[in-house]
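Visitor: Prediction below, plus the sequence it came from.
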Amino acid sequence: MDSTSTSLSEKLRHKPWVKTAHWIITLSFLFLVFTGIEIMMVHPRLYWGEVGNELTPALLEIPISRNHKRSDWQEKVPFFDSEDSPVSAGRNGEELMFNENGWGRSIHFLAAWFLVVTGLVYLLLGIFSGHFQKHIWPRIKELTPAQLWRDIKEHFQMKIAPPTGGPTYGLLQKLAYMTIIFMALPLAIITGFTMSPAITAAFPFLLEVIGGYQSARTIHFFTSLALEIFLIMHIVMIMLSGFKQQLRYMTIGKQS
C-alpha cells in the first residue's frame, strides 16, 4: 500500500468517539430490548389515549406470555349507571399471572439513561465536528431517483461493497442512519420520557403532545420494533460485507 492510500485509509477510519458511542448505544439498546420484552410480557396489550387496562378494548394484543387474552375475570361491576362508566372486576385466581417486572423496569430505565446521555454526546460531537455533514447527510447530487433506484437494486441483488474502514456510506445507508439518528431514536426517547410519572410531573405538556400515556406506550412499542428491525438488517449487512473486517474497523481499526 503506497503512502497516498495509507493516508486516505487513515482519514476514512472511524473516529474513537464514534466507535465508543456506537458500542455503548448498541449495548444499551440490547438491554432495552431484553427488558422491554419482559415488561411487555406482563401486559401484552396496547391502547390509544390516556388510559387502558384488561377491561377496556385493546388496539393490539401481542401473543406473548400467559397473560395474553386472560379469561379468569369475575363478573364486571360498573361504577356508574351509564354506558361509558369505568368498570371493576376481580380475578378468579384459577390461572397463574406473570407479574414480575420490577427488576426489568429498573434495568430498562438505567439502560435508557446510558443511551440518552451517550446519544446526546454523539449528536453534539456529530454536529460540531462536521461528522454528519461529511458522512451522514446525503448531498444534493445524490438525491436523485436514478441513484436511489440503483442503490435499491444493488441491495436486492446482494451487491454489497466491501468494508473501507471508515464512514463511506451509500445513499440508502445515509437515509437509514438519518432516520434512526434524527427520527426513530428521539421518538423512542421522548415517548419513553412520557411514560415516566416523574418526568411528566415536571413536563406535563409531553402527555398532551403525545396524546396520553397509553398512546406514548403504543408509539414507543412500534418505534422500538422499527429500531430492532434496523439492528437486525444492520447485522445482516455487516455479515454480507465482511463481519470480521467490519468488527476490526469498529474496534482496533486495523486491517487483518
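Guide: Structure's in. What do you need?

Visitor: for the chain, what are the low-confidence residue spans?
Guide: Where the chain drops to pLDDT under 70, the residues are 1-12, 70-76, 79, 83-99, 164-166, 253-256.

Visitor: hmm, try it at 50
Guide: 1-10, 255-256 (pLDDT under 50).

Visitor: in it, which spans are helices?
Guide: 3-12, 16-42, 102-128, 131, 145-156, 171-179, 185-194, 197-202, 205-210, 213-249 (DSSP state H).

Visitor: Can you tell me which of those is most buried?
Guide: helix 185-194 (a mean of 20; mean count of other CB atoms under 10 Å). Where C-beta positions appear, they are placed from N, C-alpha and C, glycine not excepted.

Visitor: And that helix, what does it pack against?
Guide: helix 102-128, helix 197-202, helix 205-210, helix 213-249 (3 or more CB pairs under 8 Å, 6 or more residues apart in numbering; DSSP states H and E).

Visitor: how about the helices of the chain in TSV, adding distance to residue 55?
Guide: TSV is the format used below for these (distance: least, CB to CB, whole Å):
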stretch	distance to residue 55
helix 3-12	58
helix 16-42	16
helix 102-128	23
helix 131	50
helix 145-156	46
helix 171-179	37
helix 185-194	23
helix 197-202	22
helix 205-210	22
helix 213-249	14
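
Visitor: hmm, back to that, which among the helices and strands packed on helix 185-194 is found nearest to residue 163?
Guide: Set against residue 163 and scored by CB to CB, the helices and strands packed on helix 185-194 come closest in helix 213-249, at 4.9 Å.

Visitor: what's the offset of the closest one from the middle of its chain?
Guide: Centroid separation for helix 213-249 versus its chain: 7 Å, with CA atoms, centre = their mean, to the nearest Å.

Visitor: packing partners for that helix?
Guide: Taking 3+ CB pairs under 8 Å, 6+ apart as the contact cut, helix 213-249 packs with helix 16-42, strand 45-46, helix 185-194, helix 205-210.

Visitor: got the angle between the longest one and helix 185-194?
Guide: Between helix 16-42 and helix 185-194, the angle formed by their directions is 50 degrees, by axes from the mean of the first three to the mean of the last three CA atoms, to 10 degrees.
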